[in-house]
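Novice: I would like to see how this sequence folds:
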Amino acid sequence: MGMLCLAEGLCSDNPIVKPAIPYLRWWIAGLLFLSTVINYIDRQTLNVLAPYIKQQYSWSNSDFALLIISFRVAYAVGQSVSGRLLDRAGIRNGLSVAVVFYSVAAMLTSMAAGLKSFCLFRFLLGAGESANWPGATKAVSEWFPRKESGWAVALFDSGSAIGGAVAPFLVYGAYKWFGDWRPVFVVTGSLGLLWVVVFRWLYYAPEIHPRLAPEELRYMRQDSVLEVGEGPRASLRELLRMKQTWGIVISKSLTDPVWFFVTDWFAIYLVSRGFHPENSLIAFWAPFLAADIGNFAGGGLSSYLIQRGWPVMRSRRFVAVISGLGMATLCGAAFLPSLTALVFCFAFSTLAYAAFSTIVLTLPADVYPSGSVATVSGLSGTGAGIGTIGATYLTGLVADRYSFTPVLIGASLVPLVATLAVLLLVRETEGNSMS
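Specialist: From the prediction side, this is the model:
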């Protein structure tokens, strides 16, 4: 951690007391948002450049699927591992190490020389990026009361949509500037290193933060899921015995493949339908903008209902139901001929997905004490990774042998099962009871 200590007191557990920053919790949420934006720019760099790199190396859709799977294997395993480590090491040190690691991995991708080396660098990228969502979820549970947590989760999770929307413009612009894809990975990978500098300067745990006003800390704790310190940390065996854990894991496992189909395959799908990505950047951007709206629609509606007197879990489940139904519109893209209609189906489905995702990401903080939030979030991420790996393999196989139509139909139906998992398994609890 020594290389990260850029100024006096930067790595101290007891930083020097300084004047308070008003609404500091929202500055922290902003940092988590930026981390997610950069996270997605790094992973989307390859996906945006895929049509060019596929052509250069003569890869089939099945070959490209191996690249995605390499990332997903590391990402799936890494989320459970990083979630547990973040619950032990804390957010400040844990996220710092993770972002440095995946930024370097992203930059090293510029040295790839074929399918095997691309797979290696994608694996390393996935291992590092796996810490982002468990870490951000845990940070929200520590910094926000429950009536604001939906908004905070929506803010950081919207970074995935913003990063996905920014990536085509940034990546294509850099590609045209350099005339080569290799320097593009260096440019996008360096963003995370800049973020770490700001993060190390601003982020400390709430109880020891030198810039947090006492009245804001009291506000954060008045109805927060975290009463004192970290809260009890349950064992993995205890967590896996809880039906709430399985409801969260199943719901995320069955819906994340829908989102990752859009992020990983949308450019290739447009080409398969006769639309060139360079001539349809707005179309490429629309689903990500819609997802950004969906994050705030889901988190905002849930928080609004809680403020109106709804029980926390009832508000979360209500948003999950309408969002799960909304994802079923994706299948329309397979049968509508115009680019506008096709993009509308993708956009509406991703809007619904993002609203659902915000709710699922909020659930661990609703059900568990802070000492177990990152662990449960990581478990759900691992389940999502396994589901996405299977879906990615099938997507490449089915698209090569048949078309993308069966894939779109399946991606419309599976989220309905995820919605049932939330309704049947994730029930209201008293506080954060582990029983």
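
Novice: Excluding covalently adjacent residues, which one is nearest to Ala105?
Specialist: Leu124 (3.8 Å; C-beta to C-beta, 6 or more residues apart in numbering). Every C-beta, even on glycine, is put in place using the N, C-alpha and C of the backbone.

Novice: Give me the spatial nearest neighbour of Ala213, chain neighbours excluded.
Specialist: Among residues not flanking Ala213 along the chain, Ala20 sits closest, at 3.8 Å (C-beta to C-beta, 6+ apart).

Novice: Next: Ser62.
Specialist: Nearest to Ser62 is Gly396, by C-beta to C-beta, 6+ apart, at 4.4 Å.

Novice: Helix, strand, or coil at the residue nearest to Ala213?
Specialist: Assigned with DSSP: H, G, I helix; E, B strand; the rest coil, Ala20 falls in the coil class.

Novice: could you list every residue that touches it?
Specialist: By C-beta atoms under 8 Å, 6 or more residues apart in numbering, the residues touching Ala20 are 211-213, 216.

Novice: again with Ser103
Specialist: 42, 128, 189-193, 196.

Novice: Pull the most distant pair out of those.
Specialist: Longest distance between any two of the contacts of Ser103 is 14.5 Å, between Gly128 and Ser190; criterion C-beta to C-beta.

Novice: Which helix or which strand is home to the nearest residue to Leu24 once chain neighbours are set aside?
Specialist: Spatial nearest neighbour of Leu24, excluding adjacent residues (C-beta to C-beta, 6+ apart): Leu212 at 5.2 Å. Using DSSP states H and E, Leu212 sits in no helix or strand.

Novice: Same question for the one 4 residues further on.
Specialist: Counting by DSSP H and E, the element that carries Glu216 is helix 214-222.

Novice: residues making contact with that helix?
Specialist: For helix 214-222, contacts defined as C-beta under 8 Å, 6+ apart pick out 20, 22-25, 143-145, 206-207, 227.

Novice: Measure how far the strand or helix carrying Asp400 is from the centre of its chain, please.
Specialist: Per DSSP H and E, Asp400 falls inside helix 370-401. Offset of helix 370-401 from its chain centre (C-alpha atoms, centre = their mean, to the nearest Å): 12 Å.

Novice: same question, stretch 411-429
Specialist: Distance, centroid of stretch 411-429 to centroid of chain: 19 Å (C-alpha atoms, centre = their mean).

Novice: Dump it to CSV, restricted to CA.
Specialist: Extracted in CSV, the C-alpha atoms of stretch 411-429 (Å, rounded to 0.1, in the frame of the first residue of the first chain):
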residue,chain,number,x,y,z
ALA,A,411,-33.5,-13.3,-22.3
SER,A,412,-37.1,-12.1,-22.1
LEU,A,413,-38.5,-15.1,-20.2
VAL,A,414,-35.8,-15.9,-17.6
PRO,A,415,-36.2,-12.6,-15.7
LEU,A,416,-39.8,-13.6,-14.8
VAL,A,417,-38.3,-16.5,-12.8
ALA,A,418,-36.0,-14.0,-11.1
THR,A,419,-39.0,-11.9,-10.1
LEU,A,420,-40.6,-15.0,-8.5
ALA,A,421,-37.5,-15.6,-6.5
VAL,A,422,-37.7,-12.1,-4.9
LEU,A,423,-41.4,-12.6,-4.1
LEU,A,424,-41.1,-16.0,-2.6
LEU,A,425,-37.7,-16.0,-0.8
VAL,A,426,-36.9,-12.4,0.2
ARG,A,427,-39.3,-11.6,3.0
GLU,A,428,-39.6,-8.8,5.5
THR,A,429,-37.4,-9.2,8.6
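
Novice: buried sites along it?
Specialist: Neighbour counts over stretch 411-429 (16 or more other C-beta atoms under 10 Å) mark 411-412, 414-415, 418-422, 425-426, 429 as buried.

Novice: Quick one: mean pLDDT over the helix holding Glu216.
Specialist: Helix 214-222 comes out with an average pLDDT of 84.

Novice: and the next element down the chain from that helix?
Specialist: helix 236-240.

Novice: which other helices and strands contact that next one?
Specialist: Using 3 or more C-beta pairs under 8 Å, 6 or more residues apart in numbering; DSSP states H and E, the elements in contact with helix 236-240 are helix 370-401.

Novice: Just name whatever secondary elements the helix it packs on is in contact with.
Specialist: helix 61-89, helix 132-143, helix 236-240, helix 243-272, helix 339-367, helix 405-425.

Novice: follow-up on the earlier one: who's in contact with the residue nearest to Ala105?
Specialist: 74, 101-102, 105, 108.

Novice: Please tabulate these in TSV and include secondary structure, neighbour count and distance to Gly385 as additional columns.
Specialist: What follows is the contacts of Leu124, written out as TSV (DSSP: H, G, I helix; E, B strand; the rest coil; neighbours: other C-beta atoms under 10 Å; distance: C-beta to C-beta, whole Å):
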residue	secondary structure	neighbour count	distance to Gly385
Ala74	helix	23	9
Phe101	helix	17	17
Tyr102	helix	27	15
Ala105	helix	24	17
Leu108	helix	17	22
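
Novice: Among those, which pair sits farthest apart?
Specialist: Ala74 and Leu108 (14.2 Å).
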